[in-house]
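J.: Curious how this folds, go ahead:
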Amino acid sequence: MDDEELLALLEDEYARAILATLTTEPMSVSELCSSCEMSDPTAYRRLDRLQNVDLVEERQALDPDGHHYKRYVAIVDEVTVSFADGSYDVTVTRSAAQPSDRFTDLFEGLSQ
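T.: Numbering: from 1, shown residues only. This is a model prediction of the structure:
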């Protein structure tokens, strides 16, 4: 992960809104669009960039009719920028995946 790319992404208000919203619960793109008041293309672009820097993961979910769809979850707890000796350092603390989440993802992936 490139520190410059991460910091530029966190500067974006839509990316920050998505991350903040996903700390409450996993959401589909349509739920994110409603909650964050953004268009589908905007959400998809930001989610792609957030996944590229490992701040968001996608998970498979089933609707009541048994169809699969993607839900997104934030996997970042904290981003810290430290300044010392004429330079800076970016540290990302990620959430540990819950064993039950990993099992559900594995099971749903096998049943596709």
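J.: How about the most centrally placed residue in the chain, nearest residue that isn't a chain neighbour?
T.: For the chain, the residue sitting closest to the mean C-alpha position, by Cα atoms, centre = their mean, is Val56 at 2.0 Å. In space, not counting the residues next to it along the chain, Val56 is nearest to Leu50; the distance is 4.0 Å by Cβ to Cβ, 6 or more residues apart in numbering. No exception for glycine: its C-beta is placed from N, CA and C like everyone else's.
J.: sorry, back to before: for the residue nearest to the centre of the chain, which residues are in contact?
T.: Neighbouring residues of Val56 by Cβ atoms under 8 Å, 6 or more residues apart in numbering: 18-19, 22, 47, 50, 72-76.
J.: What's the PyMOL line that selects buried ones from these?
T.: The buried subset of the contacts of Val56, as determined by 16 or more other Cβ atoms under 10 Å, is captured in PyMOL by this line:
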select buried, resi 18+19+22+47+50+72+73+74+75+76
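J.: sorry, back to before: what helices or strands is the host helix or strand of the residue nearest to Val56 leaning on?
T.: According to DSSP states H and E, Leu50 maps onto helix 40-52. Applying 3 or more Cβ pairs under 8 Å, 6 or more residues apart in numbering; DSSP states H and E, we find helix 40-52 packed against helix 3-11, helix 13-22, helix 29-36, strand 56-62.
J.: Let's see that with 6 Å instead.
T.: Judged by 3 or more Cβ pairs under 6 Å, 6 or more residues apart in numbering; DSSP states H and E, helix 40-52 is in contact with helix 13-22, helix 29-36.
J.: what's the span of stretch 26-42, first residue to last?
T.: Distance between the two ends of stretch 26-42: 18 Å, counting by Cα to Cα, to the nearest Å.
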